[in-house]
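Chemist: One predicted model, sequence on top.
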Number of protein chains: 2
Amino acid sequence: MLIVQKYGGTSVGSIERIEAVADRIARTVRAGHQVAVVVSAMGHTTDELVRLAHAIDPDPDGREMDALLSTGEQVSAALVAMALQKRGFGARSLTGWQAGIHTERVHGAARMLNIETKVLREALEQGIIPVITGFQGIAGDDVTTLGRGGSDTTAVAVAAVLKADVCEIYTDVTGVFTTDPRVVPNARKLTEVSYDEMLELANLGAQVLHPRAVENAKQFEVKLVVRSSFTEEEGTYVVETPVGFEKRNVVTGIAFEREVARIALVGVPLQRHGLASVFGTLAERNVNVDVIVQSVVQQAGVDVSFTVKEEDSERAMRILRDLQADLGYRDLVREDGLAKVSIVGAGMISNPGVAAHMFQVLADADIPIKMVSTSEIKVSCIIAAAELERAVKALHEAFIETE
Amino acid sequence: MLIVQKYGGTSVGSIERIEAVADRIARTVRAGHQVAVVVSAMGHTTDELVRLAHAIDPDPDGREMDALLSTGEQVSAALVAMALQKRGFGARSLTGWQAGIHTERVHGAARMLNIETKVLREALEQGIIPVITGFQGIAGDDVTTLGRGGSDTTAVAVAAVLKADVCEIYTDVTGVFTTDPRVVPNARKLTEVSYDEMLELANLGAQVLHPRAVENAKQFEVKLVVRSSFTEEEGTYVVETPVGFEKRNVVTGIAFEREVARIALVGVPLQRHGLASVFGTLAERNVNVDVIVQSVVQQAGVDVSFTVKEEDSERAMRILRDLQADLGYRDLVREDGLAKVSIVGAGMISNPGVAAHMFQVLADADIPIKMVSTSEIKVSCIIAAAELERAVKALHEAFIETE
């Protein structure tokens, strides 16, 4: 098999961890597989580089920031290559430009355009293990980075262009769980999950796999495995259509997110068309809006509520105050201290009663629901942050443990 | 003027130091000059990267070592560029490959072949300050490094290809001194020194400027200035023919080196031709031989003594023991705990009594001389390490303070 193995920051966080990673790669090669490796920066290297840059300029130039940040993966790639060579394997570290990873000319969040496979294929044909820096590429002669979580995206892209049999994402958890085991000790590891479920789980705070990587994996039909570099345990497969026993469960997992704020625009005149501009302006100013709920309350206007990260709520309020004249809303309300809890499962599509069941579980636990949002494979409720753990436990018990 | 400014590791050793460097570059540009900057890695970054690599493999692959080490300068170049941009200047960090610095395919000690000036010239023409990573280049698609002190060499090469008016080497000392002020408090800063003198001073342990950089500066007629990034003090000019008052002194400076070991091959048969192979083998195994003295003791053979760094002496002994059969020497003697002291000065060529004067000064101080080596502009004596400081003081007094 041709296997792409991606090792995250914790997995290459120390010399000891790098040695363990090299041992694992070595075992995979000895088992008769071809391996291409993608690595993140060691541990907190990227944070430390960001700290240095921000000490000089809180808003540094994107090109220079990317030049700076890209060094983190170069260090770990070279060290992993050395560790493989010490074990008698041919290995070669490859930066974004050396591996021919071309991106658009956007700094800090570039999308990949194409990967020249020549260098990678030649290495593999010669029995040399390519150790590719994740998270980075080039646009012309300038180094670009793909944004946080970009190493996952690199790994999936490399797997796609090489038509790898599987892309293994090594991290510090053993797989994708039905919910966070720190909240629900009964949480169990999923054997399989669909791309769509994984997308909802990742977006909703599972933080195991970057959503972009999942999207790309889905698009290019790359079979993913999320597993731990610390154990030999089997991980969680992320595939188009899971075939395993979990399919019997309507709900695959309970995702949640803390530090949510709700902002409500009350009495927005119906005849105005400012709502699109609200969300456009917020997006331009890098305020990520999550759940949006709109309801017609009276003839005179609508109420619009949406959630943002708590840390962005003050900034969002300032932007909306500046737009008051344009929007003509009657009142602007902000509520911090909230959380989002979601049930996720591909089986929901064919089970119309799932949302109602969720509301009932929360009602039984005396947890008021402030907002609701639904998609084909998930139902999200905004609740008070103080109630979050109770909500997750109750939902896990009702949907995962009982079913 | 077009000025190349090179900032060493101490000069960019912290965010505060990088800000100070940016201020200095800014002042130079505001004064109407064009500036190209070359930077080293921050402080002890390179040592730390070496430590990481050696924790994995004491003898890591050269290509990977260079890939690893080259990140240090990338970090400081990006940070210096950011600091310049914050001050309102156009600036762009350039790695070895981005600046088009081509080297031979030798890892860890590559020589530069050529520098494409297009990128640099375009930046300067557009009023953008190029901030170039020192110490590195590319051979094909592989990153190479120039070896320790390589950033000086990069700066001189950039100054040469850009035909810069001057190449300023910023370091943590205010210039080149008549000897180490920590040993002789009376040591004074030289206003000017010739390339040849600087070469001897640098080779002999002055450690201010890398010898290769001086050689290249001499060859390409690059005017050098060594000065401190911590003060506004004038530095020391390194030029072909100094014109200042120091020329009156026969001896320009007293250089010295600690941790020297002497190895003697006793009774090497004359008819054998193994001596060349001795030094060839030592060079291949990276044992740097410094002073070599050979004398015909008797008809049967010659005695050959040479010095190496103390840390290499055990390794050198092992190599020589392995060669015993080939060389046929009678005895192999090693003496650690030595030092080298040298007087350096372009004026010596026309002053034949200088060496004799040196021997007399050491004899008056009761310091036995173990080996002597002379060149046109220096005389070196190997003495016991314990006597080094007394020797330097006596020679400084006799040749610098008295004259």
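Modeler: Structure's in. What do you need?
Chemist: Now do the contacts for residue A:29.
Modeler: By CB atoms under 8 Å, 6 or more residues apart in numbering or on different chains, residue A:29 lies in contact with A:35, A:89, A:129. In short, each C-beta sits where N, CA and C put it, glycine included.
Chemist: To clarify, my last question referred to residue A:223.
Modeler: Going by CB under 8 Å, 6+ apart, residue A:223 touches A:165, A:166, A:167, A:217, A:237, A:238, A:239.
Chemist: Output the contacts of residue A:29 as a markdown table; include the columns distance to residue B:190.
Modeler: Formatted as a markdown table, the contacts of residue A:29 follow (distance: CB to CB, whole Å):
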| residue | distance to residue B:190 |
| --- | --- |
| A:35 | 58 |
| A:89 | 53 |
| A:129 | 53 |
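Chemist: Show me which of those is closest to residue A:172.
Modeler: Nearest to residue A:172 out of these is residue A:35 (CB to CB; 20.6 Å).
Chemist: Can you tell me the SS state at the closest one?
Modeler: Secondary structure for residue A:35, judged by DSSP: H, G, I helix; E, B strand; the rest coil, is strand.
Chemist: pretty sure it is touching residue A:129, no?
Modeler: Yes - look at residue A:35 against residue A:129 with CB atoms under 8 Å: they come within range, at 5.6 Å.
Chemist: any idea which strand is longest in chain A?
Modeler: In chain A, assigned by DSSP state E, the strand with the most residues is strand A:253-269.
Chemist: Show me what counts as buried in the helix or strand just after that one.
Modeler: Later in the chain than strand A:253-269, the nearest helix or strand by DSSP states H and E is helix A:275-284. Neighbour-count burial for helix A:275-284, with 16 or more other CB atoms under 10 Å in any protein chain shown as criterion, is recorded at A:275, A:278, A:281, A:282.
Chemist: Distance to chain B and pLDDT added to those residues, as TSV?
Modeler: Shown next, in TSV, are the buried residues of helix A:275-284 (distance: CB to the nearest CB, whole Å; pLDDT from 0 to 100):
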residue	distance to chain B	pLDDT
A:275	38	70
A:278	33	81
A:281	27	84
A:282	28	87
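Chemist: quick one on the thing from earlier: tell me which two in the contacts of residue A:223 are the farthest apart.
Modeler: Distances among these were taken as CB to CB; the most separated pair is A:165 and A:238, at 14.3 Å.
Chemist: the more surrounded of these two?
Modeler: residue A:238 (32 against 14; other CB atoms under 10 Å in any protein chain shown).
Chemist: Which strands or helices does whatever helix or strand the more buried one lives in pack on?
Modeler: Assigned by DSSP H and E, residue A:238 belongs to strand A:236-239. Here strand A:236-239 touches strand A:192-194, helix A:195-201, strand A:224-228, going by 3 or more CB pairs under 8 Å, 6 or more residues apart in numbering or on different chains; DSSP states H and E.
Chemist: nearest to chain B, of the ones you listed?
Modeler: Of all these, it is strand A:224-228 that lies closest to chain B, at 21.9 Å by CB to the nearest CB.
Chemist: Just the CA trace of that closest one, in PDB.
Modeler: Extracted in PDB, the C-alpha atoms of strand A:224-228 (Å, rounded to 0.1, in the frame of the first residue of the first chain):
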ATOM      1  CA  LEU A 224      -8.700   8.900   6.400                       C
ATOM      2  CA  VAL A 225      -7.700   7.300   9.700                       C
ATOM      3  CA  VAL A 226      -7.400   9.400  12.800                       C
ATOM      4  CA  ARG A 227      -5.300   7.700  15.400                       C
ATOM      5  CA  SER A 228      -2.800   8.300  18.200                       C
END
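Chemist: That one pairs with which strands?
Modeler: Paired with strand A:224-228 in the same sheet, following DSSP bridges, are strand A:166-171 (parallel), strand A:236-239 (antiparallel).
Chemist: Quick check: can you list the domain ranges of chain A?
Modeler: Domain assignment for chain A by automatic domain parsing gives A:2-172, A:254-401.
Chemist: what's the neighbour count on the nearest residue to residue A:12 once chain neighbours are set aside?
Modeler: Of all residues not flanking residue A:12 in the chain, residue A:76 sits nearest, at 4.6 Å (CB to CB, 6 or more residues apart in numbering or on different chains). For residue A:76, the neighbour count with other CB under 10 Å is 30.
Chemist: Which of the helices or strands spans residue A:76?
Modeler: Assigned by DSSP H and E, residue A:76 falls within helix A:62-86.
Chemist: so for that helix, what's the average pLDDT?
Modeler: Mean pLDDT, helix A:62-86: 97.
Chemist: same thing with stretch A:6-26?
Modeler: The average pLDDT for stretch A:6-26 rounds to 96.
Chemist: Centre of the chain to that stretch, how far?
Modeler: Here stretch A:6-26 is found 21 Å from its chain centre; the criterion is CA atoms, centre = their mean, to the nearest Å.
Chemist: Can you find the helix or strand of chain A with the lowest average pLDDT?
Modeler: strand A:289-298 (a mean of 77; mean pLDDT, DSSP states H and E).
Chemist: Now it: buried residues?
Modeler: For strand A:289-298, burial by neighbour count (16+ other CB under 10 Å) applies to A:289, A:290, A:291, A:293.
Chemist: Show me the contact partners of whichever helix or strand comes after it.
Modeler: The helix or strand immediately downstream of strand A:289-298 is strand A:301-309, counting by DSSP H and E. Residues outside strand A:301-309 that contact it (CB under 8 Å, 6+ apart) are A:259-270, A:275, A:278-279, A:282, A:287-297, A:316, A:329-330, A:338, A:340, A:371, A:382.
Chemist: Looking at strand A:301-309 now, give me its mean pLDDT.
Modeler: 87.
Chemist: Quickly run through the sheet partners of it, with directions.
Modeler: strand A:253-269 (antiparallel), strand A:289-298 (antiparallel).
Chemist: could you check the angle helix A:275-284 makes with it?
Modeler: Angle, strand A:301-309 to helix A:275-284, by axes from the mean of the first three to the mean of the last three CA atoms, to 10 degrees: 10 degrees.
Chemist: So which residues make contact with the helix or strand following strand A:301-309?
Modeler: Tracing the chain past strand A:301-309, the next element assigned as helix or strand by DSSP H and E is helix A:310-322. The contact list for helix A:310-322, computed with CB under 8 Å, 6+ apart, reads A:259-261, A:263, A:265, A:278, A:281-282, A:285, A:287-288, A:308, A:327, A:332, A:334, A:336-338.
Chemist: Quick check: next helix or strand after helix A:310-322?
Modeler: Proceeding N to C from helix A:310-322, the next assigned helix or strand is helix A:324-327, under DSSP H and E.
Chemist: got the CA positions of that following helix in CSV?
Modeler: Provided in CSV are the C-alpha atoms of helix A:324-327 (Å, rounded to 0.1, in the frame of the first residue of the first chain):
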residue,chain,number,x,y,z
GLN,A,324,-27.3,51.3,13.0
ALA,A,325,-28.2,54.1,10.6
ASP,A,326,-28.1,51.7,7.6
LEU,A,327,-29.9,48.9,9.3
